[in-house]
Every structure is written in structure tokens, then in C-alpha cells.
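[1] Got a predicted structure here, sequence first:
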Amino acid sequence: MSQGPDVRFYGRRKGHELKPARQRLVTEALPFLRLPEALPSDLRTLFARPVRDVWLEIGFGAGEHLIHQARAHLDIGFIGAEPYINGIGALIAAVTAPLNGEGNARGIETVRIHDDDARTLLPRLPDASIGRLFVLFPDPWHKARHNKRRLISAETLDEFARILAPGAEFRFASDDDGYVRWTLARVTRHPAFVWTAKGPSDWRNRWEDAIATRYEVKNITGRKPAYLTFRRL
Ligand SMILES: C[S@@+](CC[C@H](N)C(=O)[O-])C[C@H]1O[C@@H](n2cnc3c(N)ncnc32)[C@H](O)[C@@H]1O
């Protein structure tokens with residue numbers, strides 16, 4: 001749970017008290033699912049079963065989208081970064097469900113967790129080690145004086161460009177128009193990325209292989225989200 005010297009996390013790390021069973025699950029399973037301090041140069045070796053690529057989701061919330069992707073892509077290893085312990089608990093419950101006799105085994109061996117701010121993970125990831133990146137409904141910090149807290153910044157985009165393999169996809173979704181414009185402006189002027197949209201249907205519709213996230217379903221703002229797909233050149 002290390003915090004880098006320049007990283008200050010402004011979100012919530014904890015919500016309601018975890019129920020004893022969930023707390024026990026987190027205590028027992030997180031040490032096995034948490035990324036090791038020293039990461040291997042080939043991230044695919046982090047997983048108990050062979051995987052052909054590694055994808056990263058930043059801010060997975062309660063993990064529904066991550067689990068959905070892991071079940072749909074059994075040959076991919078997934079890293080989820082999220083500091084919110086209640087969300088981490090929900091992801092662990094889904095990942096370990098087969099151990100509790102509640103589900104099937106799909107996806108269980110292909111998920112690892114960074115239980116902290118993603119910005120403390122990014123510098124530790126090898127160059128070109130990630131094949132797809134998901135940033136879905138990041139905290140919008142819509143007040144102008146809070147904009148600088150947004151995850152998308154020149155610094156994180158440089159890190160995304162470094163860790164993403166050539167041709168890798170970077171998916172971003174938000175229902176905050178200001179954050180969508182902010183992200184489009186910054187990513188499209190970054191020399192390592194192109195926006196792949198050819199027409200409105202390419203950013204108005206959710207990706208076909210994705211599910212609505214918990215935040216998206218709640219639709220607190222009542223606005224239709226934008227789904228931006230960028231490609232690492
Ligand atoms: C609005 S919620 C969306 C959660 C989920 N993606 C969804 O759509 O339901 C934003 C999430 O990003 C997480 N988050 C915020 N900053 C983060 C960071 N720097 N690294 C990792 N996760 C972060 C928060 O803890 C929160 O769970």
C-alpha cells in the first residue's frame with residue numbers, strides 16, 4: 001500500500017465497514033491476488049495459467065466490468081488498480097466465488113490487483129507491457145479548482161504511452177462533458193495516440209464486448225456517456 005512521493009489520492013479508500021465474512025475474504029485472498037513488489041519483466045508470468053497478453057483497468061470500482069472481460073477473454077491476464085477497499089472486496093468475492101462454491105472457475109486465475117492509486121503502479125510497469133487499458137468513468141472532479149486531480153493528465157498520458165504496446169487500445173468512458181473534452185484535447189495532441197472514431201456511432205455507443213459499469217447504470221448525471229477509443233501508435 002505504498003504511496004509514491006508525488007501521489008496524493010483524493011478519492012475514498014473506505015466506505016461502510018466490511019461485513020466480517022467479506023473482511024475475512026479480503027484478509028485471506030488479497031495477499032495472493034496483490035501484485036508482488038518486484039514485477040517480472042514479462043507480466044504474463046504473473047498468472048497461474050498461460051495468457052497471451054495483459055490488460056489493465058484503472059479504477060475498476062466494484063469490478064463488474066473487469067470480471068466480465070476476464071470471463072470473456074480467458075487467454076488474457078488482467079490487472080485491476082483500485083484503492084477503494086469495498087470495491088476491492090467485491091472484486092475478490094467475484095474472483096474467488098468458485099472457491100466458495102458459488103460459481104464457475106472462469107477468470108479466477110487471470111486477475112491480479114493493485115490495491116492502491118494507479119499512479120503508484122504505472123512507473124513500475126515495464127515498457128510496452130500492456131495490450132489494452134480501460135479507464136471507465138473516472139472521478140470527474142468537475143469544479144475548475146479540482147480539475148488538476150483528474151487521472152488524465154500530461155504525466156499519466158506519458159506513462160500510458162510508455163506502458164502500452166504499439167497498437168494497444170486505450171478505452172475511456174465518461175458522462176462528464178467537461179472531462180470528455182479535457183481527455184480528447186490531451187490525448188489527441190499527444191504524439192503517441194490517435195482517436196480511432198470515424199463517426200458519432202464510434203463514441204456514442206458502448207463497446208460491444210463491454211457491459212455497463214455500476215456507475216454507468218446508476219446514471220447519476222442523467223447524461224449519455226461518451227466512449228472514446230484511442231490507439232497507441
Ligand atoms: C466514479 S468511480 C467509477 C468506478 C467504475 N469504473 C464504474 O464505472 O462503476 C471512479 C473509481 O476510480 C477510482 N480511482 C480514482 N482515482 C484512482 C486512481 N488514481 N487509481 C486507481 N483508481 C482510482 C475510485 O476509487 C473509484 O472507485
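    Looks like it arrived, so ask away.

[2] what ranges do the helices span in the protein?
    Residue ranges of the helices in the chain, as given by DSSP state H, are 20-33, 64-72, 85-96, 154-163, 177-188, 201-204, 214-218.

[3] what about those helices, which gets the closest to the ligand?
    Closest to the ligand of the helices of the chain is helix 214-218 (Cβ to the nearest ligand atom; 3.3 Å). Quick note: C-beta positions are derived from backbone N, CA and C, even for glycine.

[4] Other residues contacting the closest one?
    Residues from elsewhere that reach helix 214-218 (Cβ atoms under 8 Å, 6 or more residues apart in numbering): 61-62, 64, 136-137, 173, 175, 206, 225.

[5] repeat that with 10 Å
    Here helix 214-218 makes contact (Cβ atoms under 10 Å, 6 or more residues apart in numbering) with 59-65, 87, 90, 136-139, 173-175, 206, 210-212, 221, 225, 227.

[6] just checking: which of those residues also lie near the ligand?
    Counting by Cβ under 6 Å from any ligand atom, 59-61, 87, 136-139 from the contacts of helix 214-218 sit close to the ligand.

[7] Let me have the helices of the chain in a markdown table, adding mean neighbour count and mean pLDDT as columns.
    Formatted as a markdown table, these follow (neighbours: other Cβ atoms under 10 Å; pLDDT from 0 to 100):
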| stretch | mean neighbour count | mean pLDDT |
| --- | --- | --- |
| helix 20-33 | 14 | 95 |
| helix 64-72 | 21 | 94 |
| helix 85-96 | 22 | 95 |
| helix 154-163 | 17 | 98 |
| helix 177-188 | 17 | 97 |
| helix 201-204 | 13 | 96 |
| helix 214-218 | 16 | 94 |
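
[8] Could you dump the ones you listed into JSON lines with distance to T110 added?
    Rendered in JSON lines, the data for the helices of the chain read as follows (distance: least, Cβ to Cβ, whole Å):
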{"stretch": "helix 20-33", "distance to T110": "11"}
{"stretch": "helix 64-72", "distance to T110": "5"}
{"stretch": "helix 85-96", "distance to T110": "9"}
{"stretch": "helix 154-163", "distance to T110": "19"}
{"stretch": "helix 177-188", "distance to T110": "28"}
{"stretch": "helix 201-204", "distance to T110": "29"}
{"stretch": "helix 214-218", "distance to T110": "21"}
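
[9] Surely T221 and G178 touch.
    No. Counting by Cβ atoms under 10 Å, T221 stays clear of G178, with 11.2 Å between them.

[10] returning to what we had before: filter the contacts of helix 214-218 down to the buried ones.
    Listed as buried from the contacts of helix 214-218 are 59-65, 87, 90, 136-139, 173-175, 210, 212, 225, 227; burial here means 16 or more other Cβ atoms under 10 Å.

[11] In strands, which of the residues you listed appear?
    Among the buried ones among the contacts of helix 214-218, DSSP state E puts 136, 173-174, 227 in strands.

[12] still on that earlier bit, could you name every residue contacting both of T221 and G178?
    Between them, T221 and G178 share these contacting residues under Cβ under 10 Å, 6+ apart: 140, 142.

[13] How about the residues of this protein by the ligand?
    Contact residues (Cβ under 6 Å from any ligand atom) of the chain with the ligand: 11, 58-61, 81-84, 87, 117-119, 136-139, 151, 213-216.
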